[in-house]
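**Q** structure for the following, please:
(2 chains)
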Amino acid sequence: SAVISQKPSRDICQRGTSLTIQCQVDSQVTMMFWYRQQPGQSLTLIATANQGSEATYESGFVIDKFPISRPNLTFSTLTVSNMSPEDSSIYLCSVASSRNEQYFGPGTRLTVT
Amino acid sequence: DAKTTQPTSMDCAEGRAANLPCNHSTISGNEYVYWYRQIHSQGPQYIIHGLKNNETNEMASLIITEDRKSSTLILPHATLRDTAVYYCIVRYSRTNDYKLSFGAGTTVTVRA
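**A** Predicted coordinates:
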């Protein structure tokens, strides 16, 4: 299984600012994903981050609000832009393995005041 | 991807087997059944997946009915650390399509 780390683990931010979340994997992976988990809710996929191409966003999520970078096969960032209190969530990255399994990072808990 | 239906919550006794049901009556022949769990304040953890045969690993067993319309995840000897939300997910097995759609899951509480 892959070992995934995220930075920061948590943050408290003011509305109108932006936060960049980093995701690091201990092995090279083709596909990385970013999810959001709002308080008391299940996980919702934001986008798929592919190395060497633009991220693919799910319905309801746009690049201007959640720009994603994927500079290499072990790293990705998600930026939450122009934050509002509604963006307060846990943001998780995950990777797909060659065995059709998916592994998740520990998450970044974001609170917007 | 096919929709799944799980009970909202269930309790089980420590040391006993926990049987978690999942209905996926609209599953197609190319869709796998996956199980994940999320312990409080952690990222989801992969448990097991299967297509039509029963599967077993070090964490759990997955029993899929012959018509594939339902499945059961079995935790053979539940411990307090198995308290978590368990998600049953049906995913199309097409290569390069790894997206997972999480439902509400079953909140499992293991009691001493």
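**Q** residue ranges for the strands of chain A, please.
**A** A:4-7, A:10-13, A:19-25, A:31-37, A:43-50, A:56-57, A:68-72, A:75-80, A:89-96, A:102-104, A:108-112 (DSSP state E).
**Q** dump these to CSV, plus mean pLDDT and distance to chain B.
**A** No exception for glycine: its C-beta is placed from N, CA and C like everyone else's. Below are the strands of chain A laid out as CSV (pLDDT from 0 to 100; distance: least, C-beta to the nearest C-beta, whole Å):
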stretch, mean pLDDT, distance to chain B
strand A:4-7, 97, 8
strand A:10-13, 97, 10
strand A:19-25, 98, 11
strand A:31-37, 94, 6
strand A:43-50, 92, 4
strand A:56-57, 94, 9
strand A:68-72, 94, 15
strand A:75-80, 97, 14
strand A:89-96, 95, 4
strand A:102-104, 91, 3
strand A:108-112, 97, 8
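**Q** show the end-to-end separation of stretch A:93-103, please.
**A** 9 Å (C-alpha to C-alpha, to the nearest Å).
**Q** follow-up on the earlier one: JSON lines for the strands of chain A, including mean neighbour count?
**A** Shown next, in JSON lines, are the strands of chain A (neighbours: other C-beta atoms under 10 Å in any protein chain shown):
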{"stretch": "strand A:4-7", "mean neighbour count": "17"}
{"stretch": "strand A:10-13", "mean neighbour count": "13"}
{"stretch": "strand A:19-25", "mean neighbour count": "19"}
{"stretch": "strand A:31-37", "mean neighbour count": "23"}
{"stretch": "strand A:43-50", "mean neighbour count": "21"}
{"stretch": "strand A:56-57", "mean neighbour count": "15"}
{"stretch": "strand A:68-72", "mean neighbour count": "16"}
{"stretch": "strand A:75-80", "mean neighbour count": "21"}
{"stretch": "strand A:89-96", "mean neighbour count": "24"}
{"stretch": "strand A:102-104", "mean neighbour count": "21"}
{"stretch": "strand A:108-112", "mean neighbour count": "18"}
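**Q** what's near enough to touch residue 90?
**A** Here I'm looking at chain A. Counting by C-beta atoms under 8 Å, 6 or more residues apart in numbering or on different chains, A:Ile90 touches A:Arg36, A:Gln37, A:Gly107, A:Thr108, A:Arg109, A:Leu110.
**Q** was after chain B, sorry
**A** By C-beta under 8 Å, 6+ apart, the neighbours of B:Val90 are B:Asp1, B:Ala2, B:Lys3, B:Thr4, B:His24, B:Ile27, B:Glu31, B:Tyr32, B:Val33, B:Tyr34.
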